[in-house]
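Undergrad: quick one, fold the following:
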Amino acid sequence: MFKQLTILLLAPLFMLASADNACTDPRFDLAVTEAIPFQDGNSARHWYVYDNNCGQVDYYSNDWAGFGSGPTSNVCTQSVIFGCSPPPVFINHYHNQLWNTNYECHRAERAYTCFGRPIQSCCRRV
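TA: As a prediction, the model looks like this:
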């Protein structure tokens, strides 16, 4: 009796803790955030790639010196891991260099977030 009551009381807490999910649709494996500005106010941006449980898989910044990018670089044309759609622009391709795998990405249909960061694209392995 006590175990069943404990499980019933903890279930809502688990549901609240898991509310921050990226692309919960089972067709998708990964999610890419919207461009997130750095807190120093310059024009640099960064993007996170998460799995469906909001575990960080990858990270890209357009402010990394020595990688052919900078605060004015375009993630769509100068990134080696992202590709973009025609206007209205969103990330429609992701390449994971560690796993050497490609993902086709689609505009997120719902307002997903990971750690408060809005998700732009949901991706599946191709």
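Undergrad: endpoints of stretch 49-62, how far apart?
TA: The straight-line separation of the ends of stretch 49-62 (C-alpha to C-alpha, to the nearest Å) is 15 Å.
Undergrad: now stretch 105-125
TA: In stretch 105-125, first residue to last residue: 9 Å (C-alpha to C-alpha).
Undergrad: for that stretch, buried residues please.
TA: Residues of stretch 105-125 classed as buried by neighbour count (16 or more other C-beta atoms under 10 Å): 105-106, 108, 112-114, 117, 119-124. (Glycine included, C-beta is placed from N, CA and C.)
Undergrad: Cys105 sits in which helix or strand?
TA: Using DSSP states H and E, Cys105 maps to strand 101-107.
Undergrad: so what pLDDT did the most centrally placed residue in the chain get?
TA: For the chain, Val32 is the residue whose C-alpha lies nearest the centre (C-alpha atoms, centre = their mean; 2.5 Å). Reading off the confidence values, Val32 has pLDDT 96.
Undergrad: okay, now the unreliable bits of this protein?
TA: Applying pLDDT under 70 to the chain picks out residues 1-20, 40-42, 64-73.
Undergrad: recalculate using a threshold of 80.
TA: Within the chain, the segments meeting pLDDT under 80 span 1-21, 38-44, 63-74, 78.
Undergrad: that one: strands as residue ranges?
TA: For the chain, applying DSSP state E gives strands covering 30-33, 36-37, 45-51, 56-61, 82-84, 91-96, 101-107, 113-114, 117-125.
Undergrad: got the angle between the longest one and strand 56-61?
TA: Spelled out, that is strand 117-125. 110 degrees (axes from the mean of the first three to the mean of the last three C-alpha atoms, to 10 degrees).
Undergrad: what packs against strand 117-125?
TA: Using 3 or more C-beta pairs under 8 Å, 6 or more residues apart in numbering; DSSP states H and E as the contact test, the elements touching strand 117-125 are strand 30-33, strand 45-51, strand 91-96, strand 101-107.
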